[in-house]
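> predicted model and sequence below, questions to follow.
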Amino acid sequence: MYFNFSKMIFFICLILGSMLTISSSSFLGAWMGLEINLLSFIPLMIDMDNLMTTEATLKYFLNQVMASLILLFMMIFIMNNSFLLFINKFYPLYLIIILCTMLMKSGGAPFHFWLPQVMSKINWNNNLILMTIQKLAPMVIISYLINDMFMSFIIILNMIFSTISGFNQLSIRKIMAFSSINHMGWMFLALMVNETLWMNYYLFYCFFSITIVYFMKTYNLFFINQGFSLKINFLSKFAIFCSFLSLGGLPPFLGFFPKWLTIQFAVNFNFLLMLIMVLSSLIVLYFYLRICYSAFFLFNNFNSWKYLNFKMKKMGIFNLFMMLSGLFMISFLFMFF
(Lines give C-alpha, C1' and ligand atoms only; values in the text may rest on other atoms or scores of the structure.)
Protein backbone atom coordinates (compact mmCIF):
# COMPACT_ATOMS: atom_id res chain seq x y z
CA MET A 1 0.00 0.00 0.00
CA TYR A 2 1.35 3.39 -1.03
CA PHE A 3 1.99 5.78 1.86
CA ASN A 4 1.93 9.50 1.07
CA PHE A 5 4.29 11.05 3.59
CA SER A 6 3.66 14.65 2.50
CA LYS A 7 -0.09 14.38 3.07
CA MET A 8 0.56 12.96 6.51
CA ILE A 9 2.69 16.03 7.31
CA PHE A 10 -0.08 18.35 6.11
CA PHE A 11 -2.65 16.44 8.16
CA ILE A 12 -0.51 16.78 11.31
CA CYS A 13 -0.16 20.53 10.64
CA LEU A 14 -3.94 20.71 10.22
CA ILE A 15 -4.46 19.14 13.64
CA LEU A 16 -1.84 21.43 15.20
CA GLY A 17 -3.53 24.48 13.69
CA SER A 18 -6.84 23.51 15.26
CA MET A 19 -5.16 22.86 18.61
CA LEU A 20 -3.44 26.26 18.45
CA THR A 21 -6.79 27.97 17.91
CA ILE A 22 -8.42 26.05 20.75
CA SER A 23 -5.61 26.75 23.23
CA SER A 24 -5.09 30.38 22.26
CA SER A 25 -5.96 33.16 24.70
CA SER A 26 -6.10 35.96 22.10
CA PHE A 27 -7.75 36.62 18.77
CA LEU A 28 -4.35 36.85 17.07
CA GLY A 29 -3.35 33.35 18.19
CA ALA A 30 -6.76 32.00 17.15
CA TRP A 31 -6.38 33.66 13.74
CA MET A 32 -2.89 32.15 13.29
CA GLY A 33 -4.22 28.69 14.11
CA LEU A 34 -7.06 29.06 11.62
CA GLU A 35 -4.61 30.11 8.89
CA ILE A 36 -2.30 27.17 9.59
CA ASN A 37 -5.34 24.91 9.44
CA LEU A 38 -6.43 26.43 6.12
CA LEU A 39 -3.00 26.23 4.45
CA SER A 40 -2.64 22.61 5.59
CA PHE A 41 -6.03 21.52 4.27
CA ILE A 42 -5.62 23.03 0.78
CA PRO A 43 -2.91 20.52 -0.34
CA LEU A 44 -5.01 17.66 1.03
CA MET A 45 -7.97 18.68 -1.13
CA ILE A 46 -6.06 18.75 -4.43
CA ASP A 47 -6.18 15.51 -6.40
CA MET A 48 -4.36 15.48 -9.73
CA ASP A 49 -6.53 12.59 -10.96
CA ASN A 50 -9.74 14.57 -10.43
CA LEU A 51 -9.90 18.05 -11.95
CA MET A 52 -13.12 18.84 -10.06
CA THR A 53 -11.12 19.13 -6.86
CA THR A 54 -9.37 22.22 -8.27
CA GLU A 55 -12.67 24.08 -8.48
CA ALA A 56 -13.67 22.91 -4.99
CA THR A 57 -10.29 23.96 -3.58
CA LEU A 58 -10.58 27.43 -5.11
CA LYS A 59 -14.10 27.93 -3.71
CA TYR A 60 -13.02 26.76 -0.28
CA PHE A 61 -9.91 28.95 -0.33
CA LEU A 62 -11.76 32.13 -1.37
CA ASN A 63 -14.43 31.64 1.27
CA GLN A 64 -11.91 30.99 4.04
CA VAL A 65 -9.73 33.93 3.01
CA MET A 66 -12.73 36.26 3.04
CA ALA A 67 -13.64 35.16 6.56
CA SER A 68 -10.02 35.49 7.71
CA LEU A 69 -9.76 39.02 6.28
CA ILE A 70 -12.90 40.12 8.09
CA LEU A 71 -11.64 38.57 11.33
CA LEU A 72 -8.23 40.25 10.91
CA PHE A 73 -9.88 43.59 10.20
CA MET A 74 -11.95 43.29 13.38
CA MET A 75 -8.81 42.46 15.37
CA ILE A 76 -7.07 45.60 14.08
CA PHE A 77 -10.25 47.53 14.80
CA ILE A 78 -10.27 46.31 18.41
CA MET A 79 -6.56 46.98 19.07
CA ASN A 80 -6.77 50.56 17.79
CA ASN A 81 -7.23 52.71 20.89
CA SER A 82 -8.94 55.49 18.98
CA PHE A 83 -11.91 53.24 18.28
CA LEU A 84 -12.41 51.86 21.79
CA LEU A 85 -15.34 54.18 22.44
CA PHE A 86 -16.95 53.14 19.17
CA ILE A 87 -16.51 49.45 20.03
CA ASN A 88 -18.01 49.88 23.48
CA LYS A 89 -20.99 51.64 21.96
CA PHE A 90 -21.60 49.00 19.27
CA TYR A 91 -20.31 45.91 21.07
CA PRO A 92 -23.12 43.55 19.93
CA LEU A 93 -22.41 44.47 16.30
CA TYR A 94 -18.72 43.69 16.71
CA LEU A 95 -19.63 40.39 18.36
CA ILE A 96 -22.05 39.42 15.58
CA ILE A 97 -19.47 40.15 12.86
CA ILE A 98 -16.93 37.80 14.47
CA LEU A 99 -19.62 35.13 14.89
CA CYS A 100 -20.47 35.48 11.19
CA THR A 101 -16.84 34.90 10.22
CA MET A 102 -16.81 31.70 12.26
CA LEU A 103 -20.04 30.60 10.60
CA MET A 104 -18.41 31.20 7.21
CA LYS A 105 -15.45 29.05 8.19
CA SER A 106 -17.54 26.20 9.59
CA GLY A 107 -20.20 26.24 6.86
CA GLY A 108 -23.15 27.19 9.04
CA ALA A 109 -26.28 28.85 7.63
CA PRO A 110 -26.79 31.42 6.20
CA PHE A 111 -23.12 31.26 5.07
CA HIS A 112 -23.35 27.65 3.91
CA PHE A 113 -23.44 28.37 0.16
CA TRP A 114 -19.96 26.92 -0.42
CA LEU A 115 -20.24 23.73 1.66
CA PRO A 116 -22.44 21.49 -0.59
CA GLN A 117 -20.57 22.55 -3.72
CA VAL A 118 -17.18 21.80 -2.19
CA MET A 119 -18.21 18.50 -0.61
CA SER A 120 -19.72 17.22 -3.86
CA LYS A 121 -16.38 17.53 -5.67
CA ILE A 122 -13.85 16.14 -3.18
CA ASN A 123 -13.23 12.57 -2.06
CA TRP A 124 -14.62 10.93 1.05
CA ASN A 125 -11.48 11.38 3.15
CA ASN A 126 -11.54 15.15 2.68
CA ASN A 127 -15.29 15.16 3.26
CA LEU A 128 -14.71 13.54 6.63
CA ILE A 129 -12.11 16.16 7.57
CA LEU A 130 -14.45 18.94 6.44
CA MET A 131 -17.39 17.56 8.44
CA THR A 132 -15.48 16.92 11.66
CA ILE A 133 -12.05 18.46 12.26
CA GLN A 134 -12.65 21.70 10.34
CA LYS A 135 -15.68 22.53 12.50
CA LEU A 136 -13.91 22.14 15.83
CA ALA A 137 -11.87 25.37 16.00
CA PRO A 138 -14.63 27.75 14.77
CA MET A 139 -17.11 26.24 17.23
CA VAL A 140 -14.71 26.71 20.13
CA ILE A 141 -14.40 30.39 19.21
CA ILE A 142 -18.21 30.63 18.92
CA SER A 143 -18.50 29.20 22.43
CA TYR A 144 -16.53 32.20 23.76
CA LEU A 145 -18.77 34.77 22.04
CA ILE A 146 -22.27 33.31 22.26
CA ASN A 147 -25.16 35.74 21.98
CA ASP A 148 -28.40 33.91 22.82
CA MET A 149 -30.71 35.92 20.58
CA PHE A 150 -28.41 35.85 17.55
CA MET A 151 -27.54 32.17 17.99
CA SER A 152 -31.24 31.25 18.26
CA PHE A 153 -31.77 32.99 14.91
CA ILE A 154 -28.80 31.12 13.41
CA ILE A 155 -30.09 27.79 14.72
CA ILE A 156 -33.47 28.33 13.07
CA LEU A 157 -31.75 29.22 9.78
CA ASN A 158 -29.66 26.04 9.98
CA MET A 159 -32.79 23.97 10.47
CA ILE A 160 -34.69 25.66 7.62
CA PHE A 161 -31.92 25.61 5.02
CA SER A 162 -30.87 22.04 5.76
CA THR A 163 -34.41 20.68 5.42
CA ILE A 164 -35.45 22.63 2.32
CA SER A 165 -32.18 22.25 0.39
CA GLY A 166 -31.88 18.53 1.06
CA PHE A 167 -34.98 17.59 -0.92
CA ASN A 168 -34.53 16.03 -4.38
CA GLN A 169 -30.79 15.61 -3.86
CA LEU A 170 -29.29 12.57 -5.52
CA SER A 171 -25.69 13.08 -4.40
CA ILE A 172 -24.90 11.39 -1.08
CA ARG A 173 -22.11 13.90 -0.47
CA LYS A 174 -24.53 16.82 -0.80
CA ILE A 175 -26.98 15.06 1.51
CA MET A 176 -24.18 14.67 4.04
CA ALA A 177 -23.40 18.38 3.65
CA PHE A 178 -26.98 19.44 4.43
CA SER A 179 -27.07 16.91 7.24
CA SER A 180 -23.91 18.51 8.63
CA ILE A 181 -25.65 21.90 8.57
CA ASN A 182 -28.58 20.39 10.48
CA HIS A 183 -26.28 18.86 13.09
CA MET A 184 -24.49 22.18 13.46
CA GLY A 185 -27.79 23.67 14.61
CA TRP A 186 -28.00 21.01 17.32
CA MET A 187 -24.39 21.63 18.33
CA PHE A 188 -25.01 25.38 18.54
CA LEU A 189 -27.94 24.72 20.85
CA ALA A 190 -25.78 22.42 22.97
CA LEU A 191 -23.15 25.18 23.15
CA MET A 192 -25.78 27.60 24.46
CA VAL A 193 -26.76 25.15 27.20
CA ASN A 194 -23.53 23.45 28.28
CA GLU A 195 -20.07 22.95 26.74
CA THR A 196 -19.91 19.36 28.03
CA LEU A 197 -23.19 18.65 26.25
CA TRP A 198 -21.72 20.08 23.05
CA MET A 199 -18.59 17.92 23.38
CA ASN A 200 -20.70 14.78 23.81
CA TYR A 201 -22.76 15.63 20.73
CA TYR A 202 -19.64 16.44 18.69
CA LEU A 203 -17.94 13.15 19.58
CA PHE A 204 -21.03 11.16 18.65
CA TYR A 205 -21.32 13.05 15.37
CA CYS A 206 -17.67 12.39 14.54
CA PHE A 207 -18.04 8.68 15.31
CA PHE A 208 -21.05 8.18 13.05
CA SER A 209 -19.53 10.33 10.30
CA ILE A 210 -16.41 8.14 10.35
CA THR A 211 -18.54 5.01 10.11
CA ILE A 212 -20.61 6.26 7.18
CA VAL A 213 -17.61 7.62 5.29
CA TYR A 214 -15.86 4.28 5.77
CA PHE A 215 -18.75 2.42 4.15
CA MET A 216 -19.16 4.95 1.33
CA LYS A 217 -15.46 4.82 0.53
CA THR A 218 -15.28 1.03 0.78
CA TYR A 219 -18.09 0.49 -1.74
CA ASN A 220 -17.34 3.63 -3.81
CA LEU A 221 -20.80 5.14 -3.37
CA PHE A 222 -21.50 8.73 -4.39
CA PHE A 223 -25.13 8.79 -5.56
CA ILE A 224 -28.39 7.31 -4.29
CA ASN A 225 -29.10 5.40 -7.50
CA GLN A 226 -25.90 3.40 -7.01
CA GLY A 227 -27.67 1.69 -4.13
CA PHE A 228 -30.12 0.09 -6.57
CA SER A 229 -27.45 -2.33 -7.75
CA LEU A 230 -25.36 -2.54 -4.61
CA LYS A 231 -24.20 -6.16 -4.55
CA ILE A 232 -23.03 -6.65 -0.99
CA ASN A 233 -24.05 -9.11 1.70
CA PHE A 234 -26.80 -8.53 4.23
CA LEU A 235 -24.48 -7.78 7.15
CA SER A 236 -22.86 -4.86 5.32
CA LYS A 237 -26.26 -3.51 4.31
CA PHE A 238 -27.47 -3.78 7.88
CA ALA A 239 -24.39 -1.92 9.13
CA ILE A 240 -24.93 0.90 6.63
CA PHE A 241 -28.62 1.01 7.53
CA CYS A 242 -27.89 1.32 11.27
CA SER A 243 -25.19 3.94 10.72
CA PHE A 244 -27.45 6.23 8.67
CA LEU A 245 -30.37 5.93 11.07
CA SER A 246 -28.07 6.54 14.03
CA LEU A 247 -26.74 9.69 12.39
CA GLY A 248 -30.33 10.75 11.79
CA GLY A 249 -31.12 10.32 15.48
CA LEU A 250 -33.84 7.70 15.20
CA PRO A 251 -34.58 5.87 18.47
CA PRO A 252 -33.60 3.31 19.67
CA PHE A 253 -30.30 3.71 17.80
CA LEU A 254 -27.33 5.22 19.60
CA GLY A 255 -27.48 8.44 17.57
CA PHE A 256 -30.66 9.36 19.42
CA PHE A 257 -28.72 9.56 22.71
CA PRO A 258 -26.99 12.95 22.14
CA LYS A 259 -30.19 14.46 20.75
CA TRP A 260 -32.12 13.12 23.72
CA LEU A 261 -29.64 14.73 26.10
CA THR A 262 -29.86 18.03 24.21
CA ILE A 263 -33.66 17.95 24.25
CA GLN A 264 -33.71 17.12 27.95
CA PHE A 265 -31.44 20.03 28.90
CA ALA A 266 -32.72 22.59 26.38
CA VAL A 267 -36.50 22.04 26.54
CA ASN A 268 -36.77 24.52 29.41
CA PHE A 269 -34.34 26.89 27.69
CA ASN A 270 -36.49 27.62 24.63
CA PHE A 271 -39.46 25.34 23.99
CA LEU A 272 -40.43 26.86 20.61
CA LEU A 273 -36.88 26.55 19.30
CA MET A 274 -36.74 22.96 20.52
CA LEU A 275 -40.02 22.15 18.72
CA ILE A 276 -38.70 23.57 15.42
CA MET A 277 -35.51 21.53 15.71
CA VAL A 278 -37.33 18.27 16.42
CA LEU A 279 -39.67 18.75 13.44
CA SER A 280 -36.78 19.58 11.12
CA SER A 281 -34.88 16.49 12.30
CA LEU A 282 -37.83 14.34 11.23
CA ILE A 283 -37.56 15.79 7.73
CA VAL A 284 -33.79 15.25 7.63
CA LEU A 285 -34.36 11.65 8.70
CA TYR A 286 -36.31 11.24 5.45
CA PHE A 287 -33.08 11.90 3.50
CA TYR A 288 -31.38 8.98 5.22
CA LEU A 289 -34.36 6.72 4.68
CA ARG A 290 -34.16 7.42 0.94
CA ILE A 291 -30.60 6.11 0.86
CA CYS A 292 -31.43 3.04 2.96
CA TYR A 293 -34.57 2.33 0.94
CA SER A 294 -32.62 2.26 -2.32
CA ALA A 295 -30.10 -0.19 -0.87
CA PHE A 296 -32.49 -2.49 0.99
CA PHE A 297 -35.84 -2.71 -0.75
CA LEU A 298 -35.32 -1.94 -4.42
CA PHE A 299 -32.73 -4.59 -5.06
CA ASN A 300 -32.43 -8.14 -3.78
CA ASN A 301 -28.92 -9.49 -3.94
CA PHE A 302 -30.00 -13.11 -3.42
CA ASN A 303 -31.95 -14.88 -6.14
CA SER A 304 -33.16 -17.68 -3.94
CA TRP A 305 -32.99 -18.91 -0.37
CA LYS A 306 -30.40 -21.52 -1.19
CA TYR A 307 -27.75 -18.81 -1.67
CA LEU A 308 -28.34 -17.42 1.81
CA ASN A 309 -25.89 -19.56 3.72
CA PHE A 310 -23.74 -18.94 6.77
CA LYS A 311 -20.59 -18.36 4.76
CA MET A 312 -20.60 -14.56 4.80
CA LYS A 313 -17.84 -12.45 3.38
CA LYS A 314 -15.11 -11.35 5.75
CA MET A 315 -15.68 -7.73 4.81
CA GLY A 316 -19.29 -7.78 5.96
CA ILE A 317 -18.44 -9.50 9.23
CA PHE A 318 -15.66 -6.99 9.89
CA ASN A 319 -18.00 -4.07 9.15
CA LEU A 320 -20.65 -5.35 11.53
CA PHE A 321 -18.12 -6.12 14.25
CA MET A 322 -16.57 -2.66 13.97
CA MET A 323 -19.95 -0.95 14.15
CA LEU A 324 -21.27 -2.98 17.11
CA SER A 325 -18.03 -2.74 19.08
CA GLY A 326 -17.97 1.00 18.57
CA LEU A 327 -21.59 1.37 19.62
CA PHE A 328 -21.12 -0.63 22.81
CA MET A 329 -17.85 1.13 23.68
CA ILE A 330 -19.27 4.63 23.21
CA SER A 331 -22.48 3.82 25.07
CA PHE A 332 -20.49 2.37 27.97
CA LEU A 333 -18.24 5.43 28.22
CA PHE A 334 -21.09 7.93 28.15
CA MET A 335 -22.98 6.16 30.91
CA PHE A 336 -20.72 8.03 33.33
CA PHE A 337 -21.50 11.53 32.01
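That came through, no problem.

> just give me the residue right at the centre of the chain.
Relative to the mean C-alpha position of the chain, the nearest C-alpha, by CA atoms, centre = their mean, is the one of M131, at 3.3 Å.

> burial check on P251, number of neighbours?
Other residues lying near P251 total 11 when counted by other CB atoms under 10 Å. Yep, even glycine has a C-beta here, placed from its N, CA and C like the rest.

> kindly apply the preceding question to F256 instead.
When counting by other CB under 10 Å, one arrives at 18 neighbours for F256.

> now it. Nearest residue, chain neighbours left out?
G249 (5.0 Å; CB to CB, 6 or more residues apart in numbering).

> you'd agree the one you found is up against T262?
No. Distance between G249 and T262: 9.7 Å, which falls outside the contact criterion (CB atoms under 8 Å).

> quick one: which of those two has more around it?
Set side by side, G249 and T262 show more neighbours around G249, with 27 against 24, by other CB under 10 Å.

> contacts only, for that one.
The contact partners of G249, by CB atoms under 8 Å, 6 or more residues apart in numbering, come to 255-256, 258-259, 281, 285.

> ok, it to A190 distance?
Between G249 and A190 the computed distance is 13 Å (CB to CB, to the nearest Å).

> quick check, V65 in a helix?
Yes. If the criterion is DSSP: H, G, I helix; E, B strand; the rest coil, then V65 is within a helix.

> for it, grab the count of nearby residues.
12.

> tell me the pLDDT of it.
Note for V65: predicted pLDDT of 92.

> low-scoring stretches of the stretch 151-300 of the chain, by residue?
227-230, 294-300 (pLDDT under 70).

> how about the helices in it?
Using DSSP state H, counting those that start in this stretch, the helices found in the stretch 151-300 of the chain span residues 172-193, 195-218, 234-248, 256-266, 271-296.

> could you say what helices and strands the third one packs with?
Read that as helix 234-248. The elements that helix 234-248 packs onto, with contact taken as 3 or more CB pairs under 8 Å, 6 or more residues apart in numbering; DSSP states H and E, are helix 195-218, helix 271-296, helix 314-333.

> that one vs helix 172-193, what angle?
Our comparison of helix 234-248 with helix 172-193, counting by axes from the mean of the first three to the mean of the last three CA atoms, to 10 degrees, yields an angle of 40 degrees.

> check contacts around S165.
With contact set as CB under 8 Å, 6+ apart, S165 has these partners: 116, 178.

> and it, how close does it get to I9?
When S165 is compared with I9 (using CB to CB), they lie 36 Å apart.

> I283 now?
Spatial separation of I283 from I9 under the definition CB to CB is 42 Å.

> G29: neighbour count?
Using other CB under 10 Å, G29 is surrounded by 13 other residues.

> who's in contact with the closest residue to N182 other than its chain neighbours?
Spatial nearest neighbour of N182, chain neighbours left out: S162 (3.8 Å); criterion: CB to CB, 6+ apart. Residues in contact with S162, defined by CB under 8 Å, 6+ apart, are 109, 178-179, 181-182, 185, 280, 284.

> correct me, but F178 touches Q169?
Yes. Look at F178 against Q169 with CB under 8 Å: they come within range, at 7.1 Å.
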